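*Asks:* Give me coordinates for this.
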Amino acid sequence: MTSIDVAAPPQDVLERTRAAVGPLLRAALAELPDETREVVEFGLARQDFSTAALVLLSAEAFGDVDVALVALALEFAHLHEQLHADLMARTGAREVFGADRVVSAADALLSLACARLTKPGVLILNVALMSVVDGYVQEMEMDERDDVDMAEHLGVAAAKSSSLTAAACELGALAAGATASQAGHLREFGDDIGLARRHVDDVLAPDSGRRTLPVAAAISSGMTVDGGRKWCEQQAELLLARALHHLRQCGPRARAADELASLARTVTTARCAPARTPAPVVPSQSTAESRADQTFA
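*Replies:* Numbering: from 1, shown residues only. From the prediction side, this is the model:
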């Protein structure tokens, strides 16, 4: 079993990721027409490149291979999804550039992503993006109903927020020669991190009248919205614990495991209360992980 201490500095990981994909990114952007490149660069400025970092670290967990192209492909796919989110919400890039230019840029990003993956990689990415689309379709249908239960809200959140992080981890692991079982554990790790991040995003989101997860939890359980936020924070902790369990199970290299665990906590629970999360200790199987398995079984 690998010991995971969650001590690596995440900012170093993100800076290393940007350095690894930087030359490839500049070359890819040079392929685009000026109007499309402007939209893509606007979107990239909002990205933290954590999706690409998941690819690199998942590969480093099993071998020494150059997966910068795969990492860039997944970052492009993530931005593709974010631009569609802007279109749906009528915010961000759509406000700045208009719907037509954003659609064109999103299509170009998908082409750039697929061109940098092998056929098996394209198939994995396609499944992930189809899950995201399904999540948006379900969400639109739910917006017209008053009888939506919490399970449906969580299902949509998982479809929209977990699919690409799961694919990033799986593709990185497979590129480095991980077994199907190891890649599967890394995929579950990414899946849980994506949903944990969505819980935290919704906790930190300003009140807008939308049915975010805290609002949905409050309506479903008859609690206050503050109670819903607290519930979401607890769910994020449980999801993180389960993710770290999967990370241990895949038997990764120690340094990459530490960096993956550190990045996972940084983009999830540490954002809720950074002052209360110094160099955390990974919960044992008998405590938080067992609770996570029971809650999400």
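
*Asks:* So the residue with the largest distance to the centre of the chain versus Val156, what's the distance?
*Replies:* Residue farthest from the centre of the chain, counting by CA atoms, centre = their mean, is Gly222 at 29.7 Å. As for Gly222, its distance to Val156 is 21 Å (criterion: CB to CB, to the nearest Å). Every C-beta, even on glycine, is put in place using the N, C-alpha and C of the backbone.

*Asks:* Over to Ala159: give its phi and psi.
*Replies:* The phi/psi pair for Ala159 (degrees, to the nearest 10) reads phi -60, psi -40.

*Asks:* switch to numbering from 64
*Replies:* Sure thing, new numbering starts at 64, so read that last one as Ala222.

*Asks:* For burial, what's the neighbour tally of the residue lying closest to it once chain neighbours are set aside?
*Replies:* Counting by CB to CB, 6 or more residues apart in numbering, Ala222 lies nearest to Gly198, which is 3.1 Å off, once chain neighbours are set aside. Neighbours of Gly198 under the rule other CB atoms under 10 Å: 20.

*Asks:* so what's Gly198 scoring on pLDDT?
*Replies:* pLDDT for Gly198: 93.

*Asks:* Quick check: the gap between it and Ala169.
*Replies:* Applying CB to CB to Gly198 and Ala169 gives a distance of 16 Å.

*Asks:* now do Glu158
*Replies:* 15 Å.

*Asks:* Compare these two (neighbour count), which wins?
*Replies:* Comparing Glu158 with Ala169 by neighbour count (other CB under 10 Å), the higher total belongs to Ala169, at 22 against 11.

*Asks:* Now do the same contact list for Ala168.
*Replies:* By CB atoms under 8 Å, 6 or more residues apart in numbering, the residues touching Ala168 are Thr99, Val102, Val103, Gly106, Leu146, Ala156, Phe160.

*Asks:* How about the fourth one, nearest residue that isn't a chain neighbour?
*Replies:* So the one you mean is Gly106. Computed as CB to CB, 6+ apart, the closest residue to Gly106 that is not its neighbour in sequence is Leu142, at 4.8 Å.

*Asks:* swap in Arg164?
*Replies:* The nearest residue in space to Arg164 (CB to CB, 6+ apart) is Val102, at 5.4 Å.

*Asks:* Distance of that neighbour relative to Gln298?
*Replies:* 34 Å.

*Asks:* neighbour count winner among the two?
*Replies:* Val102 (26 against 22).

*Asks:* buried residues in the helix or strand that one falls within?
*Replies:* Following DSSP states H and E, one finds Val102 within helix 97-107. For helix 97-107, a neighbour-count test (16 or more other CB atoms under 10 Å) marks Thr99, Arg100, Glu101, Val102, Val103, Phe105, Gly106, Leu107 as buried.

*Asks:* For stretch 322-336, which residues meet the burial criterion?
*Replies:* Per 16+ other CB under 10 Å, stretch 322-336 contains these buried residues: 322-335.

*Asks:* so can I have a markdown table of those showing pLDDT, secondary structure and distance to Ala246?
*Replies:* What follows is the buried residues of stretch 322-336, written out as a markdown table (pLDDT from 0 to 100; DSSP: H, G, I helix; E, B strand; the rest coil; distance: CB to CB, whole Å):
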| residue | pLDDT | secondary structure | distance to Ala246 |
| --- | --- | --- | --- |
| Glu322 | 95 | helix | 18 |
| Leu323 | 97 | helix | 14 |
| Ala324 | 96 | helix | 18 |
| Ser325 | 95 | helix | 21 |
| Leu326 | 96 | helix | 18 |
| Ala327 | 97 | helix | 17 |
| Arg328 | 95 | helix | 22 |
| Thr329 | 94 | helix | 23 |
| Val330 | 95 | helix | 21 |
| Thr331 | 96 | coil | 22 |
| Thr332 | 95 | helix | 25 |
| Ala333 | 94 | helix | 26 |
| Arg334 | 93 | helix | 28 |
| Cys335 | 89 | coil | 30 |
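
*Asks:* hey, C-alpha coordinates of the helix or strand harbouring Ser121 in CSV?
*Replies:* If you go by DSSP H and E, Ser121 is part of helix 113-123. Below are the C-alpha coordinates for helix 113-123, written out as CSV (Å, rounded to 0.1, in the frame of the first residue of the first chain):
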residue,chain,number,x,y,z
SER,A,113,-5.7,21.3,-13.2
THR,A,114,-7.3,19.0,-15.8
ALA,A,115,-4.0,18.9,-17.7
ALA,A,116,-2.2,18.4,-14.4
LEU,A,117,-4.3,15.3,-13.6
VAL,A,118,-3.2,13.8,-16.9
LEU,A,119,0.5,14.5,-16.2
LEU,A,120,0.4,13.3,-12.6
SER,A,121,-1.6,10.2,-13.4
ALA,A,122,1.0,9.2,-16.0
GLU,A,123,3.9,10.0,-13.6
